[in-house]
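J.: Structural data only, the sequence is not supplied:
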Ligand SMILES: CC(C)(COP(=O)(O)OP(=O)(O)OC[C@H]1O[C@@H](n2cnc3c(N)ncnc32)[C@H](O)[C@@H]1OP(=O)(O)O)[C@@H](O)C(=O)NCCC(=O)NCCS
């Protein structure tokens, strides 16, 4: 597949949630969100966000993400609740291999919006986007083995546990940790829709 031909949506929606790609102006609010949720998101945050000390640092990370979007390598979406328009979290598509094609999905919810089924709804919506708009044949999730809530999300979305990758990641504490690889095939996605 030639990713240059893909017309990736900048927004989409599901029952209770709206998904919108970030704009450069979002950096101020994102900085505040990170500060407010640091304890909750710390373990999950990628290393390029770890040294963020100011709004300007976030603006630079946003510029990098925009370049990755343009290169069809990373697609990040902010999630807000339809009813209130309040920011609820983030979902993304990352690490594509366009020859297969396959892609990885991920997500987080801000602390105040956990426990409402939002991550499951968002993961399903983003998986659908990957299959239907990016035309991939396989979607993956990598989840640290101690992230029980996220493992449950993958299960509720109908992903299959395909393997355990030993010492695959290092926790922020320095400890090595295994990750579970979950996957879903296009045929399984279609079956879940009743096609
Ligand atoms: C993981 C995360 C996305 C879950 O978000 P959420 O909106 O609360 O998820 P949902 O409500 O859709 O589903 C969570 C499920 O996990 C279950 N769960 C929550 N904490 C759990 C725990 N400690 N042990 C076992 N199950 C747990 C919930 O009961 C629910 O399952 P249920 O519907 O069968 O009851 C959220 O906690 C988060 O953002 N964490 C930090 C970032 C992160 O870990 N991202 C994912 C990285 S792979």
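T.: The structure has been received and is ready for your questions. Keep in mind it's a predicted model, so treat the numbers as computed, not measured.
J.: I'd say residue 29 and residue 110 touch.
T.: No. Counting by CB atoms under 8 Å, residue 29 sits too far from residue 110 to count as a contact (11.4 Å). The way it works is simple: take the backbone N, C-alpha and C, and place the C-beta from them, glycine included.
J.: joint contacts of the two?
T.: Listed as contacting both residue 29 and residue 110 by CB atoms under 8 Å, 6 or more residues apart in numbering are residue 87.
J.: These two - which one has more neighbours?
T.: residue 110 (19 against 14; other CB atoms under 10 Å).
J.: ok, the more buried one - contacts?
T.: Residue 110 makes contact with 33, 36, 37, 40, 87, 88, 89, according to CB under 8 Å, 6+ apart.
J.: Next one: it from the ligand, what distance?
T.: From residue 110 across to the ligand, the span is 7 Å (CB to the nearest ligand atom, to the nearest Å).
J.: What of residue 89?
T.: Residue 89 sits 6 Å away from the ligand, taking CB to the nearest ligand atom as the criterion.
J.: Who does that residue form a beta bridge with?
T.: residue 79, residue 109 (DSSP bridges).
J.: Export the contacts of residue 110 as TSV, with columns for pLDDT and neighbour count.
T.: Listed next are these as TSV, based on pLDDT from 0 to 100; neighbours: other CB atoms under 10 Å:
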residue	pLDDT	neighbour count
33	95	18
36	93	13
37	94	18
40	94	14
87	97	19
88	98	25
89	98	25
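J.: Which pair in these has the greatest spatial separation?
T.: 40 and 87 (13.9 Å; CB to CB).
J.: rewinding a little: got CSV for the contacts of residue 110, with secondary structure too?
T.: Putting the contacts of residue 110 into CSV (DSSP: H, G, I helix; E, B strand; the rest coil) gives the following:
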residue, secondary structure
33, helix
36, helix
37, coil
40, helix
87, strand
88, strand
89, strand
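J.: If we ignore the residues flanking it in sequence, what's nearest the residue nearest the centre of the chain?
T.: Taking CA atoms, centre = their mean as the criterion, residue 106 is the residue nearest the geometric centre of the chain, at 2.5 Å. Leaving out its chain neighbours, the residue that sits closest to residue 106 by CB to CB, 6 or more residues apart in numbering is residue 92, at 5.2 Å.
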